[in-house]
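Chemist: give me the fold of what follows.
(one chain, ligands or ions: 1)
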Amino acid sequence: MELSPLETKKYIHKALMDDNLRAAVDKATASSVTSRQVLVDQIPYWEHLRHKTHSIKQKVIENLDSYLQQFESAAKENGIHVHWAGDAEEARQIILDLAKKNNVRHVVKSKSLTTEEIRLNPFLQENGIEALETDLGEYIVQLMGQIPSHLIIPAMHLSRKDVGKLFHEKLGVEYTEDPPKLLRIARARLREKFLSADMGITGANFAIAESGSIAIIENESNIHHTISLPKIHVAVMGIEKLIPSLTELPYFLKLLPVSATSQKASTYVNIVGEASREKHGEGPKEVHFILLDNGRSKILRDPQLRETLFCIRCGACLNTCPIYQQIGGHAYGWVYMGPIGITLIPQYLGESVGKYSPFLSSLCGSCYKVCPMRINIPHHLLKLRNKVVEKKKSLLVERVAMNIFSMLAQHPKLYRFATWFPGKLQMLLPKEQAFPAPGYTRERALGHFDSKGFRKRFYEMEGENGKSAI
Ligand code: SF4
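Modeler: The predicted model follows:
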């Protein structure tokens, strides 16, 4: 599935026309928002936790160079191979070289947005290596030839019926939409693959600088199989994933499941700190950590926007976002979607490619309110919008409109005429008919212009005080 943020308007239009998608996303986000809030209300120190993790991450991000060095030396001491990848191409090549060196033909993967970011699956396939997703949601979207539409729930845009139909068509099984049966079908196929895979590829939720280990959180146990059955384990992680030590980990383990899946605790927390096969007779023979930059150090240079690197990919901001709730994840055109996605797209891909992204927000602030890391997304969106405008990447029609507004705002008589005129035009239309605005009113109503206009109403309400106020 090839997507581009430049095509976002086309995708949004398509999503808004897709009743199935809208129903599935609406149902899933509504239930996530409610169940998360029920749990948050049971944790009296929730706000304290948010402040605590924010300050931990701030300290790490502001001293990332030294934490990375500490992590690298500790991991190497544990016998883990550490690789640095400046960009996606370098990361893909490191994995391919490892695969070739070890005659790898079959790879099992656990859900990792970082490997989606570097487009690993199509690359491995082009090189004759089968890469199979083992997280159930990710397995479903892979079978569909799609990418995840949510940071945590990859197949959020699909209904049970869609999945039943997909399994029937692609796996040749009898049609069913019964979740336990669908689960059994997927499990039976995945189990064989775990046993025959030569390499397991995962992401990492947290990289622990002091111990040189990583923590990966899950509910399905597919990650546990991915890191323990194949002879080689490769973990691909962004350089921002660091936390100082195991002492800080519990704060994040408390926040993440509540925000991500409305659980008090995740079912499994895997800590990978060594290649254990020789020592314990099980687990991988080799462990490789790939530390990916791919634009992160550029983000780090901006003292304000670097806060977007605090993200722990919980997906809570997506669920609460009124835009995401309408259009789902694919409409954003990249692997990171929703409120945090639209801050990352222009930063990772540049303002030319991401010129529409920061505008896909109502700036209602709900994302900031729920974000466990207290990332002030609306604040960052304003800065990113400003950058798009400064680089003259905004739409011509917007630039013309803003120039006209600027001219009107400097000439009060013209301004008065311009705000009086639409009200008079509206009077010529039938009573119930909204003012026509080509394009804008295709998916929403513009409302009615008031025949009196703002100034007149204001004077009426405020009397003489109003006149002196304007
Ligand atoms: S920005 Fe905050 S709420 Fe959104 S995914 Fe990241 S950590 Fe979660």
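Chemist: contacts for stretch 342-354?
Modeler: Contacts of stretch 342-354 from elsewhere in the structure, counted by C-beta atoms under 8 Å, 6 or more residues apart in numbering, are 4-6, 117, 294-295, 298-299, 305, 308, 311, 332-334, 336, 355, 357-358, 360-361, 377, 380-381, 384, 387-388, 391, 393. (C-beta placed from N, C-alpha, C; glycine too.)
Chemist: tell me the strands in the stretch 51-200 of the chain, going along the chain?
Modeler: Shown for the stretch 51-200 of the chain, the strands assigned by DSSP state E, counting those that start in this stretch span residues 81-85, 106-109, 130-133, 199-202.
Chemist: deepest of the ones you listed, which one?
Modeler: Of all those, strand 199-202 carries the top mean neighbour count, a mean of 27, counting by mean count of other C-beta atoms under 10 Å.
Chemist: just to revisit the earlier point, between the strands of the stretch 51-200 of the chain, which one is closest to the ligand.
Modeler: The minimum distance between the ligand and these falls on strand 199-202, with 18.8 Å, by C-beta to the nearest ligand atom.
Chemist: what about the helix or strand just after the closest one, near the ligand?
Modeler: On the C-terminal side of strand 199-202, the closest following helix or strand by DSSP states H and E is strand 206-208. No - taking C-beta under 6 Å from any ligand atom as the criterion, strand 206-208 and the ligand are apart, separated by no less than 12.6 Å.
Chemist: tell me the strands beside strand 206-208, with direction?
Modeler: Paired strands of strand 206-208, with direction, are strand 213-218 (antiparallel), strand 242-243 (parallel) (DSSP bridges).
Chemist: what's the local residue count around the closest residue to residue 151 other than its chain neighbours?
Modeler: Closest residue to residue 151 in three dimensions, ignoring its sequence neighbours and counting by C-beta to C-beta, 6 or more residues apart in numbering: residue 315, at 4.0 Å. Taking other C-beta atoms under 10 Å as the neighbour definition, residue 315 ends up with a count of 24.
Chemist: got the confidence number for residue 315?
Modeler: In this model, residue 315 is scored at 98, pLDDT.
Chemist: let me see the contact set for it.
Modeler: Taking C-beta under 8 Å, 6+ apart as the definition of contact, the neighbours of residue 315 are 32, 150, 151, 152, 153, 259, 260, 338.
Chemist: so what's the fifth one scoring on pLDDT?
Modeler: As predicted, residue 153 sits at a pLDDT of 95.
Chemist: list phi and psi for it.
Modeler: phi -110, psi 90 (degrees, to the nearest 10).
Chemist: so how far is residue 258 from it?
Modeler: Summarising the geometry, the distance separating residue 153 from residue 258, computed by C-beta to C-beta, to the nearest Å, is 15 Å.
Chemist: of those two, which one has the most company?
Modeler: Between residue 153 and residue 258, counted using other C-beta under 10 Å, residue 258 has the larger neighbour count: 24 against 21.
Chemist: coming back round to it: in PyMOL, how would I select just the buried ones from the contacts of stretch 342-354?
Modeler: In PyMOL, the members of the contacts of stretch 342-354 classed as buried (16 or more other C-beta atoms under 10 Å) are selected with the following command:
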select buried, resi 5+117+294+295+299+305+308+311+332+333+334+336+355+357+358+360+361+377+380+381+384+387+388+393
